[in-house]
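Novice: Give me coordinates for this.
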Amino acid sequence: MFADERAARRFETDLLRLHELIARTSAPRVSSAASATASSARSNSVDRWDAYLADCRRMIGAPLTDLAFGPFRIGLPQAPTSRWIVSPVTEDVREMNAEAYEDEAEDVDRRTTSEPVAPHIMPEQRARHRTWAQRLVGTLVAPDGSAAAPVPVRLVVASLYVQLLAAGVWDENDQSWRDGLSRLLEALRFEDGASVVDQYAPPESRRRLDAVAAVVMTLLIQDATFAGGGEHDVLAARAWHGSKAMIARAEPTEAEDLMIPPKQALARVAPWSEVERLIALAQEDDPYAEVIEGLTAAGWSVTFEDGLWEIGGSFGNPIPVVAKAAERLGRHHTNGVLVRARSKSRWAFIAWAAPYLVLLNPPARVWRTYHVPPPATPASRFSGGDLSAVPGRVGAPSSLQAGPPEALRKVLAEVGLLYPELVRRLFVHGT
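Specialist: Numbering: from 1, shown residues only. The predicted structure follows:
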């Protein structure tokens, strides 16, 4: 399919027709899971899963069912129907009749149980495949925001998209793949199925959806952070908050076939270790876990003790670092946050409770208070690190001996930290 343009166009057309067919179908055409009695379909989970897979194989063929559900493949008797064969090694797609499929069933099983391999796509074909993949993703969500495709089709498209990323279809400076992953996550997390078939989906299909979502989110967060303010950060954070619950349920083994080794140039892949780490993060109850993850991803250490956050690293100017950390941590400290960023030879401290910020930047032993009204943020105001260029200062700087400025005093009261103790900790441990 990836190497045959005509096959790719036909596959896309067939997939769109399948959407329409299933949407019009009031019940599965052959429904061991739907037309059999409800009691027998629900009494035995194994039988129910087998029946569901059988329905999927009748709908989209055995190879695409294997692509959709990965490690859940089960050798069931095959219904006589034409099938798409998608080989992860050769990416050869052809339509076969029932007899031909029986001859190659053993070979297909051998290929799909080996280490996952990304397709090889010639450079001149990559632009077409990028367009094709984005168009397929666009068919999964209806204009009203509801699901436009059943679970098997959503999983097929997600698997193909992951394979294309592993094949290096997107150029190094082309980040358009991120939008496709974001829309894939939106489609994967639909609870209500697009067809009657989905109403009888067994728990195994939900586990596969959760695991595939974890792989897709792992790809989307690469070179981005959940707490950043950049375009990629915001896109990843929005997708994360919408998909966090299903990722927390995910088991990596359910999508092992999508953890493709990076063997091609420009490959974007989701290693097992990164998928596991993301699942663990989703399972964290700590509200600061995502912020800490973003700060540590920048190469900084993060600790918290008795009301004071400490950020450590090898940065030169600590002011942009402490401002960024205060902004991100302050989203969870609505009553104010105390943050110090310290490198080997310099440190800076900020007390932040919107819209007022108090800064201490040694060797000057004076407090500077700033008014930072939205949409401005501490990170945007202090990104340059040059205090002479920062607007919004309130009054003149005040010495440490004069006591805390009003904005700092309020934060200390909320945190439960005395002013002399703060000064002692800053200068005893900051030298």
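Novice: If we ignore the residues flanking it in sequence, what's nearest A245?
Specialist: Computed as CB to CB, 6 or more residues apart in numbering, the closest residue to A245 that is not its neighbour in sequence is A282, at 7.7 Å. From N, CA and C alone the C-beta is placed, and that goes for glycine too.
Novice: Which helix or which strand is home to that neighbour?
Specialist: helix 272-283 (DSSP states H and E).
Novice: helices or strands next to that helix in the packing?
Specialist: helix 203-220, helix 231-249, helix 289-297 (3 or more CB pairs under 8 Å, 6 or more residues apart in numbering; DSSP states H and E).
Novice: Columns mean pLDDT, distance to S182 and mean neighbour count on top of those, output as CSV?
Specialist: Shown next, in CSV, are the helices and strands packed on helix 272-283 (pLDDT from 0 to 100; distance: least, CB to CB, whole Å; neighbours: other CB atoms under 10 Å):
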stretch, mean pLDDT, distance to S182, mean neighbour count
helix 203-220, 93, 6, 24
helix 231-249, 90, 5, 18
helix 289-297, 87, 17, 20
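Novice: Switch these over to TSV; also include distance to P262.
Specialist: Output for these, formatted as TSV (distance: least, CB to CB, whole Å):
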stretch	distance to P262
helix 203-220	12
helix 231-249	20
helix 289-297	19
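Novice: show me what contacts the residue sitting nearest the centre point of the chain?
Specialist: For the chain, the residue nearest the mean C-alpha position is M217 (2.0 Å; CA atoms, centre = their mean). Residues in contact with M217 (CB atoms under 8 Å, 6 or more residues apart in numbering) are 181, 185, 236, 239-240, 243, 247, 278.
Novice: of the residues you listed, closest to D144?
Specialist: Nearest to D144 out of these is L185 (CB to CB; 18.4 Å).
Novice: What segments of this structure are strands?
Specialist: 83-84, 95-96, 301-305, 308-312, 337-342, 347-353, 356-360, 366-371, 398-399 (DSSP state E).
Novice: need the least confident one among those strands, by mean pLDDT.
Specialist: Per-stretch mean pLDDT for the strands of the chain is lowest at strand 95-96 (a mean of 38).
Novice: Need the per-residue pLDDT for the nearest residue to A149 once chain neighbours are set aside.
Specialist: Nearest non-adjacent residue to A149, counting by CB to CB, 6+ apart: L140, 4.8 Å away. Here, the pLDDT recorded for L140 equals 89.
Novice: just checking, L140 touches A187?
Specialist: Yes: with contacts counted by CB atoms under 8 Å, L140 reaches A187, the gap being 3.8 Å.
Novice: Please say which of the two ends up with more neighbours.
Specialist: The neighbour comparison of L140 against A187 (other CB atoms under 10 Å) goes to A187, with 25 against 22.
Novice: residues in contact with that one?
Specialist: 137, 140-141, 147, 149, 154, 157-158.
Novice: mind showing which ranges of the protein have poor pLDDT?
Specialist: 1-46, 71-114, 191-200, 429-431 (pLDDT under 70).
Novice: The same query, at a cut-off of 80, please.
Specialist: Scanning the chain for pLDDT under 80 picks out the ranges 1-47, 59-60, 71-115, 142-148, 190-201, 227-229, 285-287, 429-431.
Novice: Tell me, how many residues neighbour the closest residue to K344 other than its chain neighbours?
Specialist: In space, and not counting its chain neighbours, K344 is closest to S314: 7.0 Å by CB to CB, 6+ apart. For S314, the neighbour count with other CB under 10 Å is 8.
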